[in-house]
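sequence plus predicted model, see below.
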Amino acid sequence: MSKNILILSSSPRLGGNSDTLCNEFMRGAIEGKNQVEKIFLRDKTIYPCTGCGVCSQYQKPCPQKDDAAEIIGKMLAADVIVMGTPVYFYAMSAQMKILIDRCCGPYTEMKNKEFYFIATAAEENEEIMDRIVANFMGFLDCLENPEVKGTVFCGGVWHAGEIKGSPKLQEAFEMGKRA
């Protein structure tokens with residue numbers, strides 16, 4: 001059965017290491033006959049949440065005029081959400097965190113979603129992914145019936161292109177194919 005898959009790539013570098021893993025996941029998901037869209041957050045204008053309460057208290061659209069509402073609408077429509085991030089100081093990128101924070105009002109509508117997490121870091125310690133997943137779980141714990149279906153972490157890659165030849169690329173492709 002074909003799924004609607006949304007990939008959120010939060011690398012600030014087009015072709016960066018985490019973005020490359022997202023591309024491999026996408027290639028696998030397309031080969032698996034899914035409908036796939038990748039959004040490169042760097043190319044979008046997403047302002048930080050101001051905490052005004054318009055969305056959460058009054059259930060009205062966010063008054064900020066940026067790309068967040070469109071992206072969140074796609075998150076709501078997706079069956080599967082892939083969240084890709086480089087690791088900065090043992091946390092997700094600011095681009096990803098800003099988007100998550102903007103889900104403040106409509107998060108209650110995000111139900112029964114499957115999630116995949118993709119991360120890359122300069123440090124090789126695999127336990128870094130536990131910290132990243134914990135960051136993401138702060139978001140998922142607020143959703144109704146989310147399911148983490150898989151994670152891919154590639155350490156030891158800092159500068160763009162250092163991921164070339166890594167077996168993690170194949171792992172991301174296979175995970176996408178199974179999505």
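Received, thanks.

the strands in the chain, which residues?
Along the chain, the stretches classed as strands by DSSP state E are 4-9, 35-40, 80-86, 114-120, 147-154.

adding distance to residue 16 and mean neighbour count, write those strands out as TSV.
Yep, even glycine has a C-beta here, placed from its N, CA and C like the rest. As requested, the strands of the chain are exported to TSV (distance: least, C-beta to C-beta, whole Å; neighbours: other C-beta atoms under 10 Å):
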stretch	distance to residue 16	mean neighbour count
strand 4-9	9	23
strand 35-40	10	18
strand 80-86	6	26
strand 114-120	8	25
strand 147-154	11	18
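
reformat the ones you listed as a markdown table; add distance to residue 130 and mean pLDDT.
Formatted as a markdown table, the strands of the chain follow (distance: least, C-beta to C-beta, whole Å; pLDDT from 0 to 100):
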| stretch | distance to residue 130 | mean pLDDT |
| --- | --- | --- |
| strand 4-9 | 21 | 98 |
| strand 35-40 | 26 | 98 |
| strand 80-86 | 14 | 98 |
| strand 114-120 | 11 | 98 |
| strand 147-154 | 9 | 98 |
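
let's have the ones you listed in JSON lines, adding distance to residue 169.
Listed next are the strands of the chain as JSON lines, based on distance: least, C-beta to C-beta, whole Å:
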{"stretch": "strand 4-9", "distance to residue 169": "15"}
{"stretch": "strand 35-40", "distance to residue 169": "16"}
{"stretch": "strand 80-86", "distance to residue 169": "13"}
{"stretch": "strand 114-120", "distance to residue 169": "11"}
{"stretch": "strand 147-154", "distance to residue 169": "8"}
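
so residue 27 sits against residue 176, correct?
Yes - shown here, residue 27 and residue 176 form a contact pair, counting by C-beta atoms under 8 Å, at 6.6 Å.
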